[in-house]
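In: Attaching a predicted model along with its sequence, questions to come.
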Amino acid sequence: MTTSVIAKGIVPRISRGVGGRSRVALAVGGTLILAWAVIALFWPHLAPYDPVHQDPLHRFAPPGPGHWLGTDQFGRDTLSRMLAGARPVLQVAPLATALGTLAGTVVGLVAGTFGGLVDEVVMRVLDAIVVFPTIIAAVLFVALSGRSVTAVVLVIAASFTTIVARSVRAATLVEREKAYVEAARLRGERSWSLMLREILPNVTTTVLVEATSRFGDAIFAAATLSFLGLGQPPGSPEWGASVSDNRTWLQIAPWTVLAPALAIASLVVATALVADALRSRWEAP
Amino acid sequence: MDMHSQNLLDRRRFLAGSGVAGLLALVAACSGGAGTSTGASSQQSATGSLPATSKRGGTLRAGSPPPPTAVDPITMYDGTAIAIVQLVADYLIWLDKDFTLVPRLAERWETPDGGKTWSFALRHGVVFSDGTPLDAETVKASFDRLLDPDNKSAALSAFDTVLAKGGVAVKDPSTVVFTLERAFSDFPYLVSAGNYNTLILKKDYAGDFTKKPIGTGPFLLQSYDPSKGATLVRNPKYWEQGKPYLDGVEIKFYADDQADLLALQGGDVDTQILSRPALVSPLKGAGDIAIDQVKSTGFIALTLRTDQAPFDRKEVRQAVAYALDRPGVNATTYDGIGALGNDHLFAALFPAAPTDLPQRAKDPAKVAALLAAAGVSKLSFPLTFDPPSKDYALTVQSQLKEVGIEVTLDQRTSADFYGGDQEKDTPWLFTKANLVGWAGRAVPSQFIIPMVKSKAVWNGSKYANPALDAAATAYDAATTDADRKAQAEIIAKALNDDVPVIISVWSGNVRAYNGKKFTGVQAHPASYVDFTSVSAL
């Protein structure tokens, strides 16, 4: 019976050690992400106003009592829209990241493990996809399928698949040449078994690092697509769309742009902090 | 069909056959009765005197969206193409910002027989930019071209049942005579800029305007790139002495409203061809931006299908009408510069507008009662629209939500919204509820005939009311103010009560410009451009 090399401690790459700076980064980033996650779940209880409610008598009200982050051109409360905007982005980013990482891992593993013609075909297809700009692909896809969360998730996941697949393939090619894989092959393990039982556990770090990095990218991509009008239907308090809709008012009502822009920035920075900290932890010698 | 409705002149399309009103002249025409000449009294000064603080020279840079189709005076329907052509070519009559008819290539006009025949005396000494003199044969050729169905001019619908092919004749080299199908006292509007395709072009014009841009207008089209813009220089042969003051105009294309406005804010352009009130008005006085504004007769129609549930019940349509806070719509969509609508097609600017119909206002109790009477416990419906109507759609959704009516927004591209077959599936005529931007019109008939008469070509509500049809026909034939008002009242009451379309606000229009660098830039009810009086500071 074959025994996993992980069980034998042959690949002790994941370190338990983590520096003080990483711990701070992890704590700060994690807290911010957790806070936004809580807001995404419970914003209806936290927002002072209905985020789509219009109050024509208080258009462009500056921040102050009643509207702590002011109002926009329709008299909608900026704070409420910022809080409600957390949900769309935190619906899209985890889903797109998970889907893209899963698909990329499968593709990368298959290409790296089987090599030869399979590798050649898969890599040429990936090359073809990579040269096609993500935004143009998104525009085409959303134009064909209509605006929806599903469309945005699929577009982002597709772009991540190519990136993750390349990284996983590279890691697989390295692992494939190692002695424990050769030993397993000599024991008569078939390629599928080699891939799933021997190589996959040893490229997990690569997959996790990719996933954490892609999560931040997914947030930014979701915001970008909604900025371009490819996100949810009009009226949604999506952060990207809010920046786009209000950029004209930057001169007279900067709060309408700054609030959603800072929300995007805080979440992207938080995921970057967490990703860096985890990468340090996992990849430490 | 339409374009930038907020501006009267829609960004993408202008309801074909439109004509924007010239109401003061309409008053004159109506009160004076048949045979009244309206031209000479309002003729502009041709001195071309420059304001004391201004100077000659300079180039005005204007931002605008790229035209979706070819810049062809015969077929054009979008605001940018219309603006470019208006700078190069001219009309018999100009429609001014205050709705007056201003003589241009025609110096005066008259009807000897109560509106059945009209003769127009042409201005002497006008030459095209290539030196060809303007004469009556040229004017006849221009209208013959528009009246030929093969040329598919947007002007045709305005002439429908009024002027047919063969109805234009040359009396002498400087007089053109129009013989109409029926008496029509508002005819001068149909040959004015209000019917924007009626530009006077050379007899041999062959549809290649951007390659051979020959006109009698104040500027010459020097270059045109469909993706970048247009460059125009002063026409030294322009008939109005001393004008224009500018050396040239440069039009730059921007893909959307915001990019256009940001270019103005950033100093890349000096004015806009199509300014959106809700977007531009709040910036008045911010930095160098100045804004000119006017009233207009355009609107965004909330059209309800009267032949489909739930809007086949009059009570449901009325409930939606009573759910709207009209001053709120005016504030969010037109920054408050529009005028409240009352769900009929007579703007207060139209002389025949009824004055005794109570203004409809938001009434949640009435909404509940009407829905209960219709047996509708929970009303929800999709609202289809294109991007220029987005602000209006968001406001409708928010306001109806307050009274428990759920609206799902269905935004389409303009190409999709106005695409498809007008006989069976185009969204703007066949969806359950939609928003259509209607450009301003010179006379209410230009709304009534295509929009709400039974089986009319653009009757998106599928409304049919024989009494209204009869009143509309009688309104057109009326020759006195009293007759018109009587028929207008019948039409307005029917529309107000039946609510096939909800007209909550009549739009206003604006034009933003750099007030520190230029003066004389004016808004226009239809976003038309007349830069002859613009000068640098």
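Out: Structure received.
In: contacts and neighbour counts: CA atoms only from here.
Out: OK.
In: how much space between the nearest residue to residue B:507 once chain neighbours are set aside and chain A?
Out: Nearest residue to residue B:507, sequence neighbours excluded (CA to CA, 6 or more residues apart in numbering or on different chains): residue B:338, at 4.5 Å. According to CA to the nearest CA, to the nearest Å, residue B:338 and chain A sit 14 Å apart.
In: Likewise for residue B:299?
Out: Residue B:299 is 19 Å from chain A, by CA to the nearest CA.
In: Give me the neighbour count for that residue.
Out: Neighbour count of residue B:299, defined by other CA atoms under 10 Å in any protein chain shown: 28.
In: try residue A:114
Out: Quick note: residue A:114 (other CA under 10 Å) scores 15 neighbours.
In: and if you look at residue B:151?
Out: 13.
In: What of residue A:53?
Out: The burial count for residue A:53: 20, using other CA under 10 Å.
In: would it count as being in a strand?
Out: No: applying DSSP: H, G, I helix; E, B strand; the rest coil, one finds residue A:53 to be coil, outside a strand.
In: Run a quick check on it versus residue B:398, I expect a contact.
Out: Yes: under the criterion of CA atoms under 8 Å, residue A:53 is in contact with residue B:398, at a separation of 5.7 Å.
In: Could you measure from the residue most central in space within chain A over to residue A:66?
Out: Nearest to the mean C-alpha position of chain A, by CA atoms, centre = their mean, lies residue A:215 at 2.2 Å. Noted for residue A:215: a distance of 35 Å to residue A:66, by CA to CA, to the nearest Å.
In: How about residue B:327?
Out: Taking CA to CA, one finds residue B:327 at 23 Å from residue A:66.
In: if we can go back for a sec, tell me which element the residue nearest to the centre of chain A falls in.
Out: Applying DSSP states H and E as the criterion places residue A:215 in helix A:204-227.
In: That helix and chain B, any residue contact?
Out: No: Helix A:204-227 does not reach chain B (CA under 8 Å from any CA of the partner chain); its nearest approach is 12.6 Å.
In: how about that helix: buried residues?
Out: Residues of helix A:204-227 classed as buried under the neighbour-count rule (16 or more other CA atoms under 10 Å in any protein chain shown) are A:205-227.
In: Find me the pLDDT at residue 245, would you?
Out: Chain wasn't specified; assuming chain A. At residue A:245, the pLDDT value in this model is 89.
In: Chain B, not that one
Out: Confidence score, pLDDT, at residue B:245: 95.
In: which residues touch the spatially closest residue to it that is not a sequence neighbour?
Out: In space, and not counting its chain neighbours, residue B:245 is closest to residue B:56: 4.9 Å by CA to CA, 6+ apart. Residues near residue B:56 by CA atoms under 8 Å, 6 or more residues apart in numbering or on different chains: B:50, B:245, B:246, B:247, B:535, B:536.
In: Spit out the contact partners of the third one.
Out: The one in question is residue B:246. By CA under 8 Å, 6+ apart, the contact list for residue B:246 reads B:56, B:57, B:58, B:59, B:60, B:234, B:532, B:534, B:535, B:536.
In: circling back to that earlier point, if I look at the residue nearest to the centre of chain A, how far off is residue A:270?
Out: Counting by CA to CA, the gap from residue A:215 to residue A:270 is 11 Å.
In: Can you give me the neighbour number for residue A:23?
Out: Residue A:23 has 16 nearby residues by other CA under 10 Å.
In: Assign it to helix, strand or coil.
Out: Per three-state DSSP, residue A:23 ends up helix.
In: Let me see the contact set for the spatially closest residue to residue B:208 that is not a sequence neighbour.
Out: In space, and not counting its chain neighbours, residue B:208 is closest to residue B:72: 7.1 Å by CA to CA, 6+ apart. Contact analysis of residue B:72 by CA under 8 Å, 6+ apart lists B:81, B:85, B:207, B:208, B:209, B:210.
In: Tell me the one among those residues nearest to residue B:316.
Out: Comparing the contacts of residue B:72 against residue B:316 with CA to CA places residue B:81 closest, at 40.6 Å.
In: circling back: and the residue nearest to residue B:507, how many neighbours?
Out: 27.
In: Hmm, residue B:503 and it touching each other?
Out: No: using CA under 8 Å, residue B:338 makes no contact with residue B:503, being 11.8 Å away.
In: how about the residues of the stretch 1-150 of chain A near chain B?
Out: A:52, A:53, A:54, A:55, A:56, A:57, A:73, A:74.
In: Which parts of the stretch 401-537 of chain B are helices?
Out: B:414-417, B:427-430, B:445-451, B:466-477, B:481-498 (DSSP state H, counting those that start in this stretch).
In: List the contacts of the residue of the stretch 1-150 of chain B found nearest chain A.
Out: Distance from chain A to each residue of the stretch 1-150 of chain B (CA to the nearest CA) is smallest for residue B:63, at 15.2 Å. Contacts of residue B:63 were listed using CA under 8 Å, 6+ apart, and they are B:251-254, B:260-261, B:263-264, B:269-273.
In: among these, which are in reach of chain A?
Out: residue B:261.
In: Helices - which of the contacts of residue B:63 land there?
Out: When DSSP state H is applied, those are split such that B:260, B:261, B:263, B:264 fall in helices.
In: so where's the chain shaky on pLDDT?
Out: Picked chain A for this. A:1-19, A:283-285 (pLDDT under 70).
In: um, chain B though
Out: Residue ranges of chain B with pLDDT under 70: B:1-49.
In: Up against chain A, what does it have?
Out: B:258, B:261-262, B:279, B:283, B:286, B:328, B:331-332, B:390, B:394-395, B:398-399, B:409-411.
In: from the residues you listed, which ones fall inside strands?
Out: The strands, defined by DSSP state E, take in B:409, B:410, B:411 from the residues of chain B next to chain A.
In: Contact partners for the second one?
Out: When you say that, I think you mean residue B:410. Residue B:410 touches A:233, B:382, B:383, B:384, B:385, counting by CA under 8 Å, 6+ apart.
In: burial count for the closest residue to residue B:339 other than its chain neighbours?
Out: Excluding the flanking residues, the one nearest residue B:339 by CA to CA, 6+ apart is residue B:506, at 5.0 Å. Look at residue B:506: counted by other CA under 10 Å, it has 28 neighbours.
In: so who does residue B:506 touch?
Out: In this structure, residue B:506 makes contact with B:296, B:297, B:298, B:299, B:300, B:338, B:339, B:340, B:341, B:347, judged by CA under 8 Å, 6+ apart.
In: can you do 6 Å?
Out: B:297, B:298, B:299, B:338, B:339, B:341 (CA atoms under 6 Å, 6 or more residues apart in numbering or on different chains).
In: from what I can see the fourth one touches residue B:510, true?
Out: No: using CA atoms under 6 Å, residue B:338 is not in contact with residue B:510, being 10.6 Å away.
In: quick one: common contacting residues for these two?
Out: Counting by CA under 6 Å, 6+ apart, nothing touches both residue B:338 and residue B:510.
In: Which residue ranges of the stretch 151-300 of chain B form strands?
Out: Assigned by DSSP state E, counting those that start in this stretch, the stretch 151-300 of chain B shows strands spanning B:168-172, B:175-179, B:219-225, B:229-234, B:248-253, B:271-272, B:289-304.
In: Tell me which of those strands is the most buried.
Out: strand B:271-272 (a mean of 29; mean count of other CA atoms under 10 Å in any protein chain shown).
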